[in-house]
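S.K.: Any chance you could fold what I've pasted below:
(chains A and B)
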Amino acid sequence: MSDTLVDASVRVRFAPSPTGFLHIGGLRTALYNYLFARRHGGRFIVRIEDTDRERYVEGAEDDILASLRWAGITYDEGPDVGGPVGPYRQSERRDLYRQYIQPLLEAGHAYYAFDTPEELDAMREEARQRGEAGKYDATTRLRMKNALTLPEAEVQRRLDAGEPYVVRLRVPAGEVISFHDHVRGTVSIDAGEVDDQVLIKSDGMPTYHFANVVDDHLMGITHVIRGEEWLPSTPKHVLLYRFLGWEVPQMAHLPLILSPTGGKLSKRKAEAAGIPVFVKDYRAQGYDPEALVNFLAFLGWNPGDERELFTLDELARVFSLDRVGNAGVQFNMDKLAWYNQQYLRQRPVEDLVEAVWPHVRAQGYEVDRDYVRAVVGLMRERVTFPQEIVTEAPYFFEDPAGYDEAGVKKRWKADSADLLAAYADRLEALETFDEATAEATLRALAEERGVGAGRLIHPVRLALSGVTYGPGLFELMHVLGRDACVRRIRRAVEVLGSAATA
RNA sequence: GCCGCGUUCGUCUAGGGGUCUAGGACGCCGGCCUUUCACGCCGGUAACACGGGUUCGAAUCCCGUACGCGGUACCA
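M.R.: Modelled structure (predicted):
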């Protein structure tokens, strides 16, 4: 079935801006592009859009690339792996953009403009006073300082004198620009709503709008899959393709990821809602990349059946743009936690030991890998994150520092001290200490004293762990070992002996 | 303000005119299992934004309203 879908000419790209670390929403955009490429046997490209020198953040590019790799999203072409249509960093393609702006200038589809920021502000202010939009467009461009209003000689003089200028797109009036979007169907916008977008900034760098069109074309991008925030500016891109005489790639605008409180999941909102914003945060918090990817894939897409657990490869086999939803989606930490738990349980024990080990070392616990392996075996179904195997069950590594108050109240009875002291004695006298003998000894003692086994089990658990919940008592005892068990039971008898409630 | 895009349980969603007394998942609430907890299993709670059309018949098609989101930069 997938054979009919193989189209090696499919080329998609993820084009992040190095203005910050990789955002969780960016990872989803990258993921969808990746899945689409894999599904069709095409190529997935990463291109760094670093045309904004003001907002450039040192280290952001490395973080973006490292985060993608961590998530298992590999790319066929990119800044650090190269490729046939590089460079893959826009700052290194500067001359290319200048080359493609020429024909636009010559054909009158673009023009030089010399307005200062102050003049632009004044124009917008004035227009707004009159209740107009305040756009640099067909209605206002003739009132501004540009090649359309200045004498040709004057324009040339300014250019020659090295005065700062920008190049703007001359958007035609009286036209409706339509394009097909794979997620939304036909989208139409009146050209009158589109402004004369700056194509080349005064620092010589292209804007996103221009660079993105030139690069997508030069890099042979067949499908542009990006966030919905780009939908309103797509008409500008469509116009550019037309003026440049190029074919418009297929478009697909993905629904935005929303904060639980509404609105785009900005850094501020996400933090307020307890949602990590950057991919590296998920990594640091112990999320399984496969779980994150699985969760993210389902944020705006679903396979159409009721299955929810898919590995990256499985997703790549069934992903389709047709099944991408079109309404904004809220990020849900509970669901993510559930996914993480599912994946954690599926991981091989050895894998988990590896993941837990650093946390054991960080706590300074002196145990070996076999011991950690045993703990993992008992705890893996009770936690969401690997490190919780250490943090949620410290009693595997050190004697309890205290006893849960409510637990003592509920489980420590008048006869507990007596029973436990006797149990400790018998454990010490045991020839072999293991799960079976610990249990048999306890049950025999309970029977002799004419009490239910629970009368021993609960206070013993409390003595060993300090809490009232956890793995099966006898498994716990076996892992802890006889010495620790006897020591902890005696200690509890000493500390809680008289704390008994009737 | 203007333009665009959207609107099924709290959340992610199935659904593409009759099979919907609307299905699944997360969460939540019960129960079983376990003399603990978790896992697992069983059950429950809960939604087609509103108003008009079209049609024999609308969650599904059309229009309007409301609401939400996005855009409106020499940022991406």
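
S.K.: what's the neighbour count on A:Leu240?
M.R.: Neighbours of A:Leu240 under the rule other Cβ atoms under 10 Å: 24. Using the backbone N, CA and C atoms, a C-beta is placed for each residue, glycine as well.

S.K.: err, A:Ala173, not the other one
M.R.: When counting by other Cβ under 10 Å, one arrives at 12 neighbours for A:Ala173.

S.K.: One more: A:Glu271?
M.R.: A:Glu271, neighbours per other Cβ under 10 Å, totals 13.

S.K.: residue ranges of the strands in chain A, please?
M.R.: Using DSSP state E, the strands found in chain A span residues A:11-14, A:43-46, A:110-113, A:166-169, A:176-181, A:185-190, A:198-200, A:223-227, A:250-254, A:257-258, A:329-330.

S.K.: how about JSON lines for those strands, with mean pLDDT and distance to RNA strand B added?
M.R.: Shown next, in JSON lines, are these (pLDDT from 0 to 100; distance: least, Cβ to the nearest atom of the strand, whole Å):
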{"stretch": "strand A:11-14", "mean pLDDT": "98", "distance to RNA strand B": "11"}
{"stretch": "strand A:43-46", "mean pLDDT": "98", "distance to RNA strand B": "13"}
{"stretch": "strand A:110-113", "mean pLDDT": "98", "distance to RNA strand B": "8"}
{"stretch": "strand A:166-169", "mean pLDDT": "98", "distance to RNA strand B": "5"}
{"stretch": "strand A:176-181", "mean pLDDT": "95", "distance to RNA strand B": "8"}
{"stretch": "strand A:185-190", "mean pLDDT": "94", "distance to RNA strand B": "4"}
{"stretch": "strand A:198-200", "mean pLDDT": "98", "distance to RNA strand B": "3"}
{"stretch": "strand A:223-227", "mean pLDDT": "98", "distance to RNA strand B": "8"}
{"stretch": "strand A:250-254", "mean pLDDT": "97", "distance to RNA strand B": "8"}
{"stretch": "strand A:257-258", "mean pLDDT": "94", "distance to RNA strand B": "6"}
{"stretch": "strand A:329-330", "mean pLDDT": "95", "distance to RNA strand B": "3"}
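
S.K.: Could you pull up the contacting residues of the nearest residue to A:Ala422 once chain neighbours are set aside?
M.R.: Sequence neighbours aside, A:Leu445 is the residue nearest to A:Ala422 in space, at 6.1 Å (criterion: Cβ to Cβ, 6 or more residues apart in numbering). Residues in contact with A:Leu445 (Cβ atoms under 8 Å, 6 or more residues apart in numbering) are A:419, A:422-423, A:426, A:456.

S.K.: Looking at these, which is nearest A:Met477?
M.R.: Closest to A:Met477 out of those is A:Tyr423 (10.5 Å), distances taken as Cβ to Cβ.

S.K.: does that closest one really touch A:Ile489, like I thought?
M.R.: Yes - if you go by Cβ atoms under 8 Å, A:Tyr423 and A:Ile489 touch, sitting 6.5 Å apart.

S.K.: And for the residue of the stretch 401-502 of chain A found nearest RNA strand B, the neighbour number?
M.R.: Residue of the stretch 401-502 of chain A nearest RNA strand B, by Cβ to the nearest atom of the strand: A:Ala453 (2.3 Å). Per other Cβ under 10 Å, the neighbour tally for A:Ala453 reads 15.

S.K.: my guess is it meets A:Leu442, correct?
M.R.: Yes - if you go by Cβ under 8 Å, A:Ala453 and A:Leu442 touch, sitting 6.4 Å apart.

S.K.: Need the nearest residue in space to A:Phe396, chain neighbours excluded.
M.R.: Distances taken as Cβ to Cβ, 6+ apart put A:Val375 closest to A:Phe396, at 4.7 Å, once the chain neighbours are dropped.

S.K.: Run through the residues that contact that neighbour.
M.R.: A:356, A:389, A:393, A:396, A:479.

S.K.: For the first one, give its distance to RNA strand B.
M.R.: Shown here: A:Val356 relative to RNA strand B, a distance of 16 Å by Cβ to the nearest atom of the strand, to the nearest Å.

S.K.: can you map out the helices along the stretch 251-400 of chain A?
M.R.: Per DSSP state H, counting those that start in this stretch, the stretch 251-400 of chain A carries helices over the ranges A:267-272, A:279-284, A:289-297, A:312-318, A:333-346, A:349-362, A:369-379, A:388-391.

S.K.: what about the shortest one, near RNA strand B?
M.R.: Put plainly, it is helix A:388-391. No - with Cβ under 7 Å from any atom of the strand as the criterion, RNA strand B is not reached by helix A:388-391; the gap is at least 10.7 Å.
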